[in-house]
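A.B. asks: Got a sequence here, can you build the structure:
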Amino acid sequence: MTALKIADHRSHVTMSSREISKLTKKEHKNVIRDIWEMLEDLYGITKDGSNLSHKKNQTVTLVDGVDITVDSRGYVSSFRLDKPHVECLLTGYSAVLRMTVIRHIYSLEEKISQRALPVNYKEALLALVQSETEKELITAERDEAVETKAWIGEKREATAMATASAAVREKNKLAEKIGESKKHAAIIPVEKKTDLEFKWQPLRKWCRENGVKPKEVEDKRFGTVKSWPREAWLAVYGVDLRKIF
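C.D. replies: Below you'll find the model as predicted:
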(Lines give C-alpha, C1' and ligand atoms only; values in the text may rest on other atoms or scores of the structure.)
Protein backbone atom coordinates (compact mmCIF):
# COMPACT_ATOMS: atom_id res chain seq x y z
CA MET A 1 0.00 0.00 0.00
CA THR A 2 1.24 3.47 -0.83
CA ALA A 3 2.56 5.39 2.17
CA LEU A 4 -0.12 7.63 3.62
CA LYS A 5 0.31 11.37 3.96
CA ILE A 6 -1.69 14.06 5.67
CA ALA A 7 -4.39 15.29 3.27
CA ASP A 8 -4.22 18.87 2.10
CA HIS A 9 -7.17 21.08 1.18
CA ARG A 10 -7.02 21.55 -2.56
CA SER A 11 -9.04 24.02 -4.53
CA HIS A 12 -10.62 21.56 -6.95
CA VAL A 13 -14.00 19.89 -6.49
CA THR A 14 -14.23 17.07 -3.95
CA MET A 15 -17.16 15.33 -2.32
CA SER A 16 -17.36 13.40 0.92
CA SER A 17 -18.99 10.01 1.22
CA ARG A 18 -21.51 11.60 3.59
CA GLU A 19 -22.49 14.13 0.89
CA ILE A 20 -22.90 11.32 -1.62
CA SER A 21 -24.97 9.39 0.90
CA LYS A 22 -27.25 12.38 1.46
CA LEU A 23 -27.67 13.12 -2.24
CA THR A 24 -28.35 9.52 -3.27
CA LYS A 25 -30.34 8.67 -0.13
CA LYS A 26 -28.18 5.59 0.29
CA GLU A 27 -27.04 4.60 3.78
CA HIS A 28 -23.56 5.92 4.48
CA LYS A 29 -22.25 2.45 5.34
CA ASN A 30 -23.35 1.26 1.90
CA VAL A 31 -21.60 4.18 0.18
CA ILE A 32 -18.46 3.31 2.16
CA ARG A 33 -18.79 -0.29 0.95
CA ASP A 34 -19.16 0.82 -2.66
CA ILE A 35 -16.07 3.01 -2.43
CA TRP A 36 -13.99 0.17 -0.99
CA GLU A 37 -15.12 -2.08 -3.85
CA MET A 38 -14.16 0.61 -6.37
CA LEU A 39 -10.71 1.06 -4.77
CA GLU A 40 -10.12 -2.68 -4.84
CA ASP A 41 -10.96 -2.79 -8.56
CA LEU A 42 -8.84 0.28 -9.36
CA TYR A 43 -5.82 -0.13 -7.08
CA GLY A 44 -6.10 -3.48 -5.34
CA ILE A 45 -6.67 -1.69 -2.01
CA THR A 46 -8.96 -3.62 0.33
CA LYS A 47 -10.65 -2.60 3.53
CA ASP A 48 -9.06 -5.42 5.53
CA GLY A 49 -5.65 -4.75 4.03
CA SER A 50 -5.47 -1.16 5.26
CA ASN A 51 -3.71 -0.81 8.61
CA LEU A 52 -4.73 2.61 9.84
CA SER A 53 -4.26 2.21 13.59
CA HIS A 54 -1.29 4.62 13.49
CA LYS A 55 -3.40 7.31 11.77
CA LYS A 56 -6.17 7.63 14.36
CA ASN A 57 -8.13 10.91 14.37
CA GLN A 58 -6.45 12.11 11.17
CA THR A 59 -7.44 12.84 7.59
CA VAL A 60 -4.92 11.32 5.19
CA THR A 61 -4.55 10.65 1.47
CA LEU A 62 -5.07 7.00 0.60
CA VAL A 63 -4.28 7.46 -3.09
CA ASP A 64 -4.21 10.62 -5.19
CA GLY A 65 -7.78 11.93 -5.26
CA VAL A 66 -8.99 9.81 -2.34
CA ASP A 67 -8.73 11.10 1.22
CA ILE A 68 -9.89 9.18 4.28
CA THR A 69 -10.80 10.29 7.78
CA VAL A 70 -9.71 7.76 10.41
CA ASP A 71 -11.59 7.59 13.72
CA SER A 72 -10.23 6.92 17.21
CA ARG A 73 -10.49 3.14 16.66
CA GLY A 74 -8.36 3.17 13.52
CA TYR A 75 -11.32 2.66 11.16
CA VAL A 76 -12.28 4.80 8.16
CA SER A 77 -15.26 6.94 9.18
CA SER A 78 -15.61 8.77 5.84
CA PHE A 79 -14.06 9.28 2.38
CA ARG A 80 -13.46 12.41 0.33
CA LEU A 81 -13.22 11.83 -3.43
CA ASP A 82 -12.16 14.08 -6.27
CA LYS A 83 -14.36 14.47 -9.33
CA PRO A 84 -12.95 11.52 -11.38
CA HIS A 85 -13.42 9.12 -8.46
CA VAL A 86 -16.93 10.43 -7.78
CA GLU A 87 -17.85 9.88 -11.44
CA CYS A 88 -16.28 6.42 -11.39
CA LEU A 89 -18.27 5.51 -8.28
CA LEU A 90 -21.49 6.70 -9.89
CA THR A 91 -21.17 4.32 -12.84
CA GLY A 92 -22.62 1.62 -10.61
CA TYR A 93 -25.60 3.75 -9.61
CA SER A 94 -28.88 4.43 -11.43
CA ALA A 95 -29.24 7.25 -13.94
CA VAL A 96 -31.36 9.25 -11.48
CA LEU A 97 -28.74 9.02 -8.74
CA ARG A 98 -25.92 9.81 -11.17
CA MET A 99 -27.69 12.93 -12.38
CA THR A 100 -28.37 14.12 -8.81
CA VAL A 101 -24.71 13.91 -7.88
CA ILE A 102 -23.45 15.30 -11.19
CA ARG A 103 -25.63 18.38 -10.81
CA HIS A 104 -24.19 18.86 -7.35
CA ILE A 105 -20.67 18.59 -8.78
CA TYR A 106 -21.49 21.29 -11.34
CA SER A 107 -22.77 23.47 -8.52
CA LEU A 108 -19.52 23.01 -6.61
CA GLU A 109 -17.46 23.76 -9.71
CA GLU A 110 -19.40 26.93 -10.27
CA LYS A 111 -18.67 28.07 -6.74
CA ILE A 112 -14.97 27.38 -7.24
CA SER A 113 -14.93 29.20 -10.57
CA GLN A 114 -16.40 32.22 -8.85
CA ARG A 115 -13.34 32.29 -6.67
CA ALA A 116 -11.28 33.86 -9.44
CA LEU A 117 -7.53 33.83 -9.12
CA PRO A 118 -6.38 36.85 -7.12
CA VAL A 119 -5.20 39.68 -9.30
CA ASN A 120 -3.51 41.68 -6.58
CA TYR A 121 -1.88 41.30 -3.21
CA LYS A 122 -5.04 42.17 -1.28
CA GLU A 123 -7.14 39.50 -3.01
CA ALA A 124 -4.38 36.93 -2.57
CA LEU A 125 -4.22 37.75 1.14
CA LEU A 126 -8.00 37.42 1.52
CA ALA A 127 -7.97 34.08 -0.31
CA LEU A 128 -5.23 32.83 2.00
CA VAL A 129 -7.15 33.93 5.11
CA GLN A 130 -10.29 32.20 3.84
CA SER A 131 -8.39 29.00 3.10
CA GLU A 132 -6.72 28.97 6.52
CA THR A 133 -10.04 29.68 8.23
CA GLU A 134 -11.64 26.72 6.49
CA LYS A 135 -8.76 24.51 7.61
CA GLU A 136 -9.12 25.69 11.20
CA LEU A 137 -12.87 25.05 11.16
CA ILE A 138 -12.42 21.52 9.84
CA THR A 139 -9.71 20.80 12.42
CA ALA A 140 -11.79 22.30 15.23
CA GLU A 141 -14.82 20.20 14.28
CA ARG A 142 -12.70 17.06 14.22
CA ASP A 143 -11.04 17.84 17.55
CA GLU A 144 -14.38 18.66 19.14
CA ALA A 145 -15.80 15.33 17.98
CA VAL A 146 -12.80 13.46 19.41
CA GLU A 147 -12.98 15.37 22.71
CA THR A 148 -16.73 14.82 22.99
CA LYS A 149 -16.32 11.10 22.46
CA ALA A 150 -13.55 10.96 25.07
CA TRP A 151 -15.66 12.98 27.51
CA ILE A 152 -18.61 10.64 27.06
CA GLY A 153 -16.34 7.66 27.74
CA GLU A 154 -14.89 9.26 30.87
CA LYS A 155 -18.37 10.27 32.07
CA ARG A 156 -19.68 6.75 31.65
CA GLU A 157 -16.69 5.32 33.50
CA ALA A 158 -17.05 7.82 36.34
CA THR A 159 -20.78 7.10 36.61
CA ALA A 160 -20.17 3.36 36.69
CA MET A 161 -17.51 3.73 39.39
CA ALA A 162 -19.75 6.01 41.44
CA THR A 163 -22.65 3.57 41.15
CA ALA A 164 -20.44 0.67 42.20
CA SER A 165 -19.05 2.65 45.15
CA ALA A 166 -22.56 3.63 46.25
CA ALA A 167 -23.66 0.01 46.09
CA VAL A 168 -20.70 -1.10 48.23
CA ARG A 169 -21.37 1.64 50.77
CA GLU A 170 -25.04 0.69 50.95
CA LYS A 171 -24.16 -2.96 51.46
CA ASN A 172 -21.70 -2.14 54.23
CA LYS A 173 -24.22 0.20 55.83
CA LEU A 174 -26.87 -2.53 55.78
CA ALA A 175 -24.43 -5.00 57.27
CA GLU A 176 -23.65 -2.57 60.09
CA LYS A 177 -27.35 -2.08 60.81
CA ILE A 178 -28.25 -5.75 61.17
CA GLY A 179 -25.10 -6.61 63.07
CA GLU A 180 -23.58 -8.78 60.36
CA SER A 181 -20.22 -7.06 60.35
CA LYS A 182 -16.60 -8.09 60.38
CA LYS A 183 -16.04 -5.63 63.26
CA HIS A 184 -19.04 -6.45 65.46
CA ALA A 185 -22.11 -8.70 65.41
CA ALA A 186 -25.23 -9.50 67.40
CA ILE A 187 -25.95 -12.94 68.82
CA ILE A 188 -28.55 -14.17 66.33
CA PRO A 189 -26.56 -13.44 63.11
CA VAL A 190 -23.56 -15.32 64.51
CA GLU A 191 -25.74 -18.24 65.58
CA LYS A 192 -27.18 -18.45 62.07
CA LYS A 193 -23.71 -18.48 60.52
CA THR A 194 -22.23 -21.08 62.90
CA ASP A 195 -25.30 -23.22 63.80
CA LEU A 196 -24.27 -22.81 67.45
CA GLU A 197 -25.87 -21.12 70.45
CA PHE A 198 -24.22 -18.33 72.45
CA LYS A 199 -25.02 -16.42 75.62
CA TRP A 200 -24.63 -12.68 75.70
CA GLN A 201 -23.55 -12.40 79.36
CA PRO A 202 -19.92 -13.51 78.79
CA LEU A 203 -19.63 -11.02 75.96
CA ARG A 204 -20.93 -8.21 78.19
CA LYS A 205 -18.48 -9.23 80.94
CA TRP A 206 -15.53 -9.10 78.52
CA CYS A 207 -16.58 -5.68 77.28
CA ARG A 208 -16.83 -4.27 80.81
CA GLU A 209 -13.47 -5.68 81.80
CA ASN A 210 -11.82 -4.24 78.69
CA GLY A 211 -13.58 -0.88 78.69
CA VAL A 212 -15.34 -1.57 75.39
CA LYS A 213 -18.91 -0.49 74.70
CA PRO A 214 -21.03 -2.66 72.39
CA LYS A 215 -23.04 -1.05 69.62
CA GLU A 216 -26.81 -0.80 69.43
CA VAL A 217 -28.25 -2.08 66.15
CA GLU A 218 -31.81 -2.23 64.84
CA ASP A 219 -33.80 -5.44 65.28
CA LYS A 220 -37.33 -6.06 63.95
CA ARG A 221 -38.38 -8.06 67.01
CA PHE A 222 -36.80 -6.16 69.89
CA GLY A 223 -36.27 -2.71 68.38
CA THR A 224 -32.54 -2.73 69.14
CA VAL A 225 -30.05 -5.34 70.29
CA LYS A 226 -26.43 -5.33 71.38
CA SER A 227 -23.83 -5.91 68.68
CA TRP A 228 -20.65 -7.25 70.27
CA PRO A 229 -17.14 -6.41 69.03
CA ARG A 230 -15.02 -8.88 67.11
CA GLU A 231 -12.40 -8.93 69.87
CA ALA A 232 -15.02 -10.08 72.40
CA TRP A 233 -16.27 -12.85 70.12
CA LEU A 234 -12.74 -14.04 69.50
CA ALA A 235 -11.68 -13.93 73.16
CA VAL A 236 -14.83 -15.47 74.66
CA TYR A 237 -15.97 -17.98 72.04
CA GLY A 238 -13.05 -18.22 69.59
CA VAL A 239 -15.27 -16.93 66.78
CA ASP A 240 -13.54 -14.73 64.21
CA LEU A 241 -16.16 -12.50 62.61
CA ARG A 242 -13.87 -11.84 59.64
CA LYS A 243 -14.09 -15.52 58.69
CA ILE A 244 -17.83 -15.98 58.96
CA PHE A 245 -19.08 -12.71 57.44
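
A.B. asks: For residue 230, the count of nearby residues, please.
C.D. replies: Using other CB atoms under 10 Å, residue 230 is surrounded by 17 other residues. To be clear about C-beta, it is placed using only N, CA and C from the backbone, and glycine gets the same treatment.

A.B. asks: That one touches residue 244, doesn't it?
C.D. replies: No: assessed by CB atoms under 8 Å, residue 230 is found out of contact with residue 244, at 10.4 Å.

A.B. asks: so how many other residues sit close to residue 89?
C.D. replies: 23.

A.B. asks: wouldn't residue 76 be in contact with residue 55 here?
C.D. replies: No: counting by CB under 8 Å, residue 76 does not reach residue 55; the two are 9.7 Å apart.

A.B. asks: Now do the helices in this structure.
C.D. replies: Ranges of helices in the chain, per DSSP state H, are 17-24, 28-43, 83-90, 95-114, 121-178, 187-194, 201-209, 230-237, 241-244.

A.B. asks: weakest of those by average pLDDT?
C.D. replies: Sorting those by mean pLDDT places helix 121-178 lowest, at a mean of 68.

A.B. asks: which residues touch the residue nearest to residue 71 when sequence neighbours are not counted?
C.D. replies: Sequence neighbours aside, residue 77 is the residue nearest to residue 71 in space, at 4.3 Å (criterion: CB to CB, 6 or more residues apart in numbering). Residue 77 makes contacts with 69, 70, 71, as judged by CB atoms under 8 Å, 6 or more residues apart in numbering.

A.B. asks: roughly how far apart are residue 77 and residue 182?
C.D. replies: 51 Å (CB to CB, to the nearest Å).

A.B. asks: Let me know how buried residue 78 is, in neighbour terms.
C.D. replies: Neighbour count of residue 78, defined by other CB under 10 Å: 20.

A.B. asks: got it, and residue 62?
C.D. replies: Around residue 62 there are 22 residues (other CB under 10 Å).

A.B. asks: Please apply the same query to residue 26.
C.D. replies: The burial count for residue 26: 16, using other CB under 10 Å.

A.B. asks: ditto for residue 27
C.D. replies: Using other CB under 10 Å, the number of residues around residue 27 comes to 10.

A.B. asks: Spit out the contact partners of it.
C.D. replies: Applying CB under 8 Å, 6+ apart, one finds that residue 27 lies in contact with residue 21.

A.B. asks: Residue 187 versus that one, what's the distance?
C.D. replies: Where residue 187 is concerned, residue 27 sits at a distance of 68 Å (CB to CB).

A.B. asks: what separates residue 69 from residue 43, distance-wise?
C.D. replies: 19 Å.

A.B. asks: Those two - which one has more neighbours?
C.D. replies: residue 69 (22 against 13).

A.B. asks: next one: phi and psi at residue 75?
C.D. replies: When read as degrees, to the nearest 10, the backbone of residue 75 gives phi -110, psi 150.

A.B. asks: How many neighbouring residues does the spatially closest residue to residue 228 that is not a sequence neighbour have?
C.D. replies: Leaving aside its chain neighbours, residue 228 sits nearest to residue 203 (4.4 Å; criterion: CB to CB, 6+ apart). By other CB under 10 Å, 22 other residues sit near residue 203.

A.B. asks: residues contacting residue 203?
C.D. replies: By CB under 8 Å, 6+ apart, the neighbours of residue 203 are 214, 226, 228, 232, 233, 236.

A.B. asks: now the residues you listed in CSV, with neighbour count and distance to residue 155?
C.D. replies: Listed next are the contacts of residue 203 as CSV, based on neighbours: other CB atoms under 10 Å; distance: CB to CB, whole Å:
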residue, neighbour count, distance to residue 155
214, 18, 44
226, 18, 45
228, 28, 44
232, 23, 46
233, 21, 44
236, 18, 51
